[in-house]
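# fold the following and give me the result.
(one chain, ligands or ions: 1)
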Amino acid sequence: MDDGAAQRAAAELASLVRQVTYARGVLAALHAQISTARARLDQGDSAQLREANARLVVAAMQQKDQTDSALQALDALARSAELDGLTQLPNRALMLDRFTQAIAKARRQHTRLALLFIDLDGFKQINDSLGHAAGDDVLRQTARRLTGSVRDVDTVSRHGGDEFLILLADVAQKADAVRVADKLSLAMSASMLVNGHELHLSVSVGICIYPDEGAEPEALIACADAAMYRAKRRRAP
Ligand SMILES: Nc1nc2c(ncn2[C@@H]2O[C@H](COP(=O)(O)OP(=O)(O)OP(=O)(O)O)[C@@H](O)[C@H]2O)c(=O)[nH]1
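Coordinates of the predicted model:
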């Protein structure tokens, strides 16, 4: 090798050494960046990740709580729309709904239903002499006595004012309903203590039977109302 060739080879070698040194520097910088990123993931970022996850879980639980209480409020609202505020008995709308369902079932199973229309006698006099609050108490106690006179499967509702309806499920004949009417008349005849006064009440009851005396709820209610009115006229002095 002549001197010129030796100098060129030394220059190329020096250039290669510089390139290798530079590449090593780049690799070391990359390695440092990766180490920093990994450390951040281990400490800061993963902690943030865990915190974010925990916040997500808490938010999901709060969301579920809010949904649950909204559903409960909706349930309560639906129930209150179906119950009479004074007596907490089913109101007219809920009774009509249950009556319609009961008729559909009785139609399928070829069974009878009885509807009892009950009206307090002389209730206006109680309001007039003892006051409206005492009248309210009479209505609440009446609701309890009527409910206590029938089975769980039967429905007692407040139709309005001093009028109540009772739907008896699955009666074999009208005589069964008459027996229930006698039982609840007896329950109502026991003295009632209202605001320190001992009252002696009575009720007038009308009975109509599905399907013998009507096939639709409204027709049966009108039929039982008319029967109650006739019974009241018979009782009147
Ligand atoms: N305290 C109270 N009274 C009510 C309520 N709703 C209706 N009434 C009253 O109930 C009375 C019902 O009137 P009627 O049925 O004609 O009175 P009654 O004396 O029972 O007459 P008969 O049914 O013929 O025996 C009226 O005086 C109404 O003002 C209520 O929620 N509370």
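
# secondary structure element for the spatially most central residue of the chain?
Most central in the chain under CA atoms, centre = their mean is Asp75, positioned 2.8 Å from the mean C-alpha point. Using DSSP states H and E, Asp75 maps to helix 46-82.

# ok, then the element right after the helix or strand hosting Gln101?
Here Gln101 sits within helix 92-109, counting by DSSP H and E. Downstream of helix 92-109, the first helix or strand assigned by DSSP H and E is strand 112-120.

# contacts for the very next helix or strand once past that following strand next, please.
For strand 112-120, the following helix or strand on the C-terminal side (DSSP H and E) is helix 123-130. Residues outside helix 123-130 that contact it (CB atoms under 8 Å, 6 or more residues apart in numbering) are Ala134, Gly135, Val138, Gly161, Asp162, Val194, Asn195, His197, Leu199. Heads up, the C-betas are built off the backbone N, CA and C, glycines and all.

# circling back: in the helix holding Asp75, what's buried?
Across helix 46-82, burial judged by 16 or more other CB atoms under 10 Å covers Glu82.

# and that helix, what does it pack against?
Judged by 3 or more CB pairs under 8 Å, 6 or more residues apart in numbering; DSSP states H and E, the packing partners of helix 46-82 are helix 92-109.

# for the helix it packs on, which positions count as buried?
Arg92, Leu94, Met95, Leu96, Arg98, Phe99, Ala102, Ile103, Ala106.

# out of these, who's nearest the ligand?
The ligand lies nearest to Arg92 out of these, by CB to the nearest ligand atom, at 12.9 Å.

# secondary structure class for the closest residue to that closest one other than its chain neighbours?
Counting by CB to CB, 6 or more residues apart in numbering, the nearest residue to Arg92 once its immediate chain neighbours are dropped is His159, at 5.8 Å. Using DSSP: H, G, I helix; E, B strand; the rest coil, the structure places His159 in strand.

# His159 - how many residues pack around it?
The tally of other residues near His159 (other CB atoms under 10 Å) stands at 19.

# which residues of the protein score low on pLDDT?
Where the chain drops to pLDDT under 70, the residues are 1-3, 5-6, 34, 37, 41-42, 44-46, 48-49, 52, 237.

# phi, psi for Tyr210 please.
Here is the backbone geometry of Tyr210 (degrees, to the nearest 10): phi -90, psi 140.

# which elements pack onto the helix or strand containing Ile209?
According to DSSP H and E, Ile209 maps onto strand 203-210. The contact analysis (3+ CB pairs under 8 Å, 6+ apart) places strand 203-210 against strand 112-120, helix 174-189, helix 217-235.

# around the ligand, pick out the residues from this structure.
86, 119-125, 127, 132, 135-136, 139, 161-162, 232 (CB under 6 Å from any ligand atom).
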